[in-house]
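Enquirer: I would like the atomic coordinates for the input below:
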Amino acid sequence: MYVVPLCIVFLSVLAYFVSKKFSDLAKEREILKSLAHSPQRSTPPLVPQEDLKPRERSLGLVFFVEKKERFGLDELLKATADLNTQTPS
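Expert: Got it, this is the predicted structure:
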């Protein structure tokens, strides 16, 4: 009794999902074709690394990597304490 309508519903749902999958695949193929025909961007040249030897690891926190401006946590805390002790004129 209910077998035939259930089979029809199942086949309809199956057909819907199969057609949706084919539609998505067709869109994807179209995108890939357009990408294949589009001009290729050249990648920027690689910047050579300055030094390849391992650096000495510092045990504390370092806030600036450049050699001129490198300072650790102790110096930062000391500078903050010095600023806190100054009174506005």
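
Enquirer: The least confident helix or strand in the chain by mean pLDDT - contacts with which helices or strands?
Expert: When each helix and strand of the chain is scored by mean pLDDT, DSSP states H and E, helix 73-85 comes last, with a mean of 80. The helices and strands touching helix 73-85, judged by 3 or more CB pairs under 8 Å, 6 or more residues apart in numbering; DSSP states H and E, number zero. (Glycine included, C-beta is placed from N, CA and C.)

Enquirer: Give the buried residues for that helix.
Expert: Using 16 or more other CB atoms under 10 Å as the test for burial, helix 73-85 gives no buried residues.

Enquirer: in the helix or strand encompassing residue 35, what's buried?
Expert: Using DSSP states H and E, residue 35 maps to helix 3-37. Of all the residues in helix 3-37, not one is buried under the rule 16+ other CB under 10 Å.

Enquirer: average pLDDT for it?
Expert: Average pLDDT, helix 3-37: 93.

Enquirer: can you pull the pLDDT of residue 66?
Expert: Confidence score, pLDDT, at residue 66: 60.

Enquirer: Renumber starting at 516 from here on
Expert: Sure thing, new numbering starts at 516, so read that last one as residue 581.

Enquirer: Please report the distance of residue 540 from residue 530.
Expert: To residue 530, residue 540 is 16 Å away according to CB to CB, to the nearest Å.

Enquirer: Please disregard the earlier target; I meant residue 598.
Expert: 74 Å.

Enquirer: domain parsing for the protein?
Expert: With domains defined by automatic domain parsing, the chain comprises 516-553, 574-604.

Enquirer: Identify whichever of those lies nearest to residue 560.
Expert: domain 516-553 (21.9 Å; CB to CB).

Enquirer: What count of nearby residues applies to residue 556?
Expert: Applying other CB atoms under 10 Å, we find 6 residues neighbouring residue 556.

Enquirer: Look up phi and psi at it.
Expert: phi -80, psi 140 (degrees, to the nearest 10).

Enquirer: What score does it have for pLDDT?
Expert: Taking residue 556 on its own, its pLDDT is 72.
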